[in-house]
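A.B. asks: sequence-free structure coming up:
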C-alpha cells in the first residue's frame with residue numbers, strides 16, 4: 001500500500017507516549033523479580049514449585065501505560081507439581097496464603113484463578129498452575145522460563161542478539177518452539193469459583209505473538225498497542241472486550257505482510273468490520289475454548305459500532321493527501337498523544353517535519 005511521506009516519526013512519537021515509561025517498566029521488573037526470588041526461598045513452597053515464568057500483555061510486549069491513578073500489572077505463572085486429584089482449586093490457591101501473609105501482608109487479595117498483589121507502583125497476578133504430566137519436567141520448565149523472559153519486540157527486531165541454547169536466529173528459536181513437548185501441552189489452572197481445574201496455555205499465546213510479529217515485519221505488537229489505546233481512551237465507558245480477548249481479535253484480523261502500523265491499524269479495523277456485528281467465536285491459541293465467552297453480545301455490538309466509526313477515520317487518515325490532514329485524522333482517532341503536523345502552506349503538498357527522514361526507504365507510515 002502507498003502512503004504519504006514522513007509519517008513514521010509521528011507514529012514513533014505516538015507509540016512512545018502510550019508505552020510504559022522507564023519508571024513503570026522498572027517497577028514491574030522489580031516487582032516480579034522480587035516475587036520470584038521470594039518464592040524460590042520459601043521453605044513451605046520450594047518443593048512444590050517447578051518453575052515460574054511471565055505471561056500476559058507485559059510478556060507479549062502488547063502492554064500500554066496505565067490510566068491515570070492506576071498501576072501497571074504483570075502476571076507471574078507458578079508451575080507446581082501438585083496433583084489436582086489431591087488438591088481442590090481452593091486448596092491449591094490456599095497453599096500460598098502463608099507466603100503472601102509473610103511477604104505481602106495487607107497487599108493481596110484472592111481472585112477467581114489467582115492472587116492479586118497490589119504494590120505502590122505495580123500490580124502482580126500470581127497464577128498457580130499444575131503440570132498435567134511428567135513431560136513438563138524441571139529441565140523443560142527451565143527452558144520454558146528462559147524463553148518466556150525474552151522481549152518479543154527485541155527478539156523480532158534484532159534477530160541476531162538473542163542467544164537461546166546456542167541459537168541466535170528466529171529460525172533457530174522457531175525450531176525450538178516446534179520441537180519442545182511443552183509447547184503442545186497446556187497447564188492446569190485452579191478455578192476457585194467453579195471448583196474445577198481448567199486448561200491454560202500461555203506459552204502458546206507467547207510463541208504465537210512472536211511468530212505473528214515476525215510475519216508483520218515487527219509491526220504487529222504496535223498495532224495491538226495502538227488499538228488498545230484507542231479503545232480505552234476514546235471509549236472509557238465501554239469496557240468489553242478488553243485485555244486478552246481484544247488482543248486475540250486484533251491478532252486474528254491483522255493481516256500478515258503489513259508494512260506499517262498505520263496500515264495494520266487500518267486493515268485490522270476494516271477486517272473486524274467485515275466480520276459483522278455478531279460476536280465471533282475465537283478459539284484460544286493452543287486450546288479449543290472461546291476467548292470471547294465472557295463478552296456479551298450486547299457489549300460486542302457496542303464495540304462493533306465504535307469499530308465501524310474508527311475504521312472510517314483510519315481509512316481517511318491513511319489515504320490523506322498531505323501530512324497535516326493525515327495527522328489531524330490520526331489525532332482525532334487516538335487523542336492528543338498523537339502529534340499534529342504543521343499546517344501546510346497553500347501551495348505545498350505537505351510540510352516536512354523538522355528532522356524527519358527524507359529517503360524513500362523511510363517515507364512510510366510506521
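C.D. replies: Okay, I see it. Keep in mind that what you see is a predicted model, and the values were worked out from it rather than measured.

A.B. asks: for residue 16, grab the count of nearby residues.
C.D. replies: Residues contacting residue 16 under the criterion other Cβ atoms under 10 Å number 10. Just so you know, the C-beta spots here come from the backbone N, C-alpha and C atoms, and that holds for glycine as well.

A.B. asks: check the one 4 residues further on too.
C.D. replies: Number of residues near residue 20 (other Cβ under 10 Å) recorded here: 16.

A.B. asks: ok now stretch 13-24, how far from the chain's centre?
C.D. replies: Its chain's C-alpha centre and that of stretch 13-24 lie 15 Å apart, by Cα atoms, centre = their mean, to the nearest Å.

A.B. asks: tell me the mean pLDDT for it?
C.D. replies: Stretch 13-24 carries an average pLDDT of 93.

A.B. asks: cool, and stretch 106-120?
C.D. replies: The average pLDDT within stretch 106-120 is 93.

A.B. asks: endpoint to endpoint, it covers what distance?
C.D. replies: End-to-end distance for stretch 106-120: 12 Å, by Cα to Cα, to the nearest Å.

A.B. asks: pull out the buried residues from that stretch.
C.D. replies: Of all the residues in stretch 106-120, those buried under the rule 16 or more other Cβ atoms under 10 Å are 108, 113-115, 117, 119.

A.B. asks: okay if I get these as TSV plus secondary structure and distance to residue 334?
C.D. replies: Formatted as TSV, the buried residues of stretch 106-120 follow (DSSP: H, G, I helix; E, B strand; the rest coil; distance: Cβ to Cβ, whole Å):
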residue	secondary structure	distance to residue 334
108	strand	35
113	coil	33
114	coil	32
115	strand	35
117	strand	32
119	coil	30
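
A.B. asks: of the residues you listed, just say which sits nearest to residue 248.
C.D. replies: Comparing the buried residues of stretch 106-120 against residue 248 with Cβ to Cβ places residue 113 closest, at 17.6 Å.

A.B. asks: part of a strand, is residue 190?
C.D. replies: Yes - according to DSSP: H, G, I helix; E, B strand; the rest coil, residue 190 belongs to a strand.

A.B. asks: report how many residues lie close to it.
C.D. replies: Residues near residue 190, counting by other Cβ under 10 Å: 27.

A.B. asks: do you know how far the spatially closest residue to it that is not a sequence neighbour is from residue 50?
C.D. replies: Among residues not flanking residue 190 along the chain, residue 89 sits closest, at 3.3 Å (Cβ to Cβ, 6 or more residues apart in numbering). For residue 89, the distance to residue 50 equals 18 Å [Cβ to Cβ, to the nearest Å].

A.B. asks: OK, contacts around the nearest residue to residue 283 once chain neighbours are set aside?
C.D. replies: Of all residues not flanking residue 283 in the chain, residue 290 sits nearest, at 6.5 Å (Cβ to Cβ, 6+ apart). Neighbouring residues of residue 290 by Cβ atoms under 8 Å, 6 or more residues apart in numbering: 281-284.

A.B. asks: which of those residues has the largest number of neighbours?
C.D. replies: For those, the largest number of neighbours (other Cβ under 10 Å) sits with residue 284, at 21 neighbours.

A.B. asks: chain center to the helix or strand harbouring residue 317, what's the gap?
C.D. replies: Under the criterion of DSSP states H and E, residue 317 resides in helix 297-318. Distance of helix 297-318 from its chain centroid, counting by Cα atoms, centre = their mean, is 21 Å.

A.B. asks: check stretch 285-303 too.
C.D. replies: That offset, for stretch 285-303, works out to 17 Å (Cα atoms, centre = their mean).

A.B. asks: may I see the buried residues of that stretch?
C.D. replies: The neighbour-count check on stretch 285-303 (16+ other Cβ under 10 Å) flags 285-286, 291-292, 295, 299-300, 302-303 as buried.

A.B. asks: for stretch 315-332, same thing?
C.D. replies: For stretch 315-332, burial by neighbour count (16+ other Cβ under 10 Å) applies to 316-318, 320, 322-331.

A.B. asks: likewise for stretch 307-316?
C.D. replies: Using 16+ other Cβ under 10 Å as the test for burial, stretch 307-316 gives 307, 310-311, 313-314, 316.

A.B. asks: over to stretch 266-276?
C.D. replies: Within stretch 266-276, the residues scored as buried using 16+ other Cβ under 10 Å are 266-273.

A.B. asks: among those, which lie within helices?
C.D. replies: Members of those lying in helices (criterion: DSSP state H): 266-273.

A.B. asks: return the member of the residues you listed nearest to residue 56.
C.D. replies: The nearest one, if we look at those relative to residue 56 and count by Cβ to Cβ, is residue 268, at 20.9 Å.

A.B. asks: that closest one reaches residue 223, doesn't it?
C.D. replies: Yes - the pair residue 268 and residue 223 qualifies as a contact (Cβ atoms under 8 Å) at a distance of 6.0 Å.
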